[in-house]
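Trainee: here is the input, now give the coordinates:
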Amino acid sequence: MLHCAGGSFYVGHTDNLEQRIGQHEQGIIAGFISDKLPVKLVWCECFTQRIEALEMERRLKGWSRAKKMALIRGDWENISALARNRKDDPSTGSGRTEEGFPLPPSG
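Mentor: The predicted model follows:
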């Protein structure tokens, strides 16, 4: 998870973390981060299989900002409390859920 200029978070997965962060910082990869530089790595996890990393990415993209910040702090009690409250609306800029369906407009 990267913390971007302006305060947003970016969640992704890669086989080579250092290389991928370097590509983002150099503006090589167009997309969400390209106008939100610089970025700082604030959380990462290693997985044995790529599918596990993709599943975690999708899960995290559905978390609220508060829940992501609790993860960054390692505040498992708060993560559990936020999960129980189930008030986590996906916070992705893409407006998609895990299955790719559009989110209803928020009001």
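
Trainee: all helices for this protein, in order.
Mentor: For the chain, helices defined by DSSP state H occupy the ranges 17-25, 50-61, 65-73, 76-85.

Trainee: now what about the lowest-mean-pLDDT helix or strand in the chain, what contacts it?
Mentor: Least confident helix or strand, the chain: helix 76-85 with a mean of 90, by mean pLDDT, DSSP states H and E. For helix 76-85, contacts defined as C-beta atoms under 8 Å, 6 or more residues apart in numbering pick out 64, 66-67, 70-71, 88. Any C-beta I mention is one placed from the backbone N, CA and C, and that applies to glycine too.

Trainee: show me where pLDDT drops low in the protein?
Mentor: Applying pLDDT under 70 to the chain flags the ranges 86-107.

Trainee: a markdown table for the helices of the chain, including mean neighbour count?
Mentor: Output for those, formatted as a markdown table (neighbours: other C-beta atoms under 10 Å):
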| stretch | mean neighbour count |
| --- | --- |
| helix 17-25 | 15 |
| helix 50-61 | 15 |
| helix 65-73 | 17 |
| helix 76-85 | 13 |
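
Trainee: for L41, find the nearest of these.
Mentor: helix 17-25 (6.1 Å; C-beta to C-beta).

Trainee: which two of the contacts of helix 76-85 have the greatest separation?
Mentor: Once C-beta to C-beta is applied, the contacts of helix 76-85 give L71 and D88 as the farthest pair, at 11.9 Å.

Trainee: circling back to that earlier point, nearest to F9, of the helices of the chain?
Mentor: So among those, helix 65-73 is nearest, using C-beta to C-beta, at 5.5 Å.
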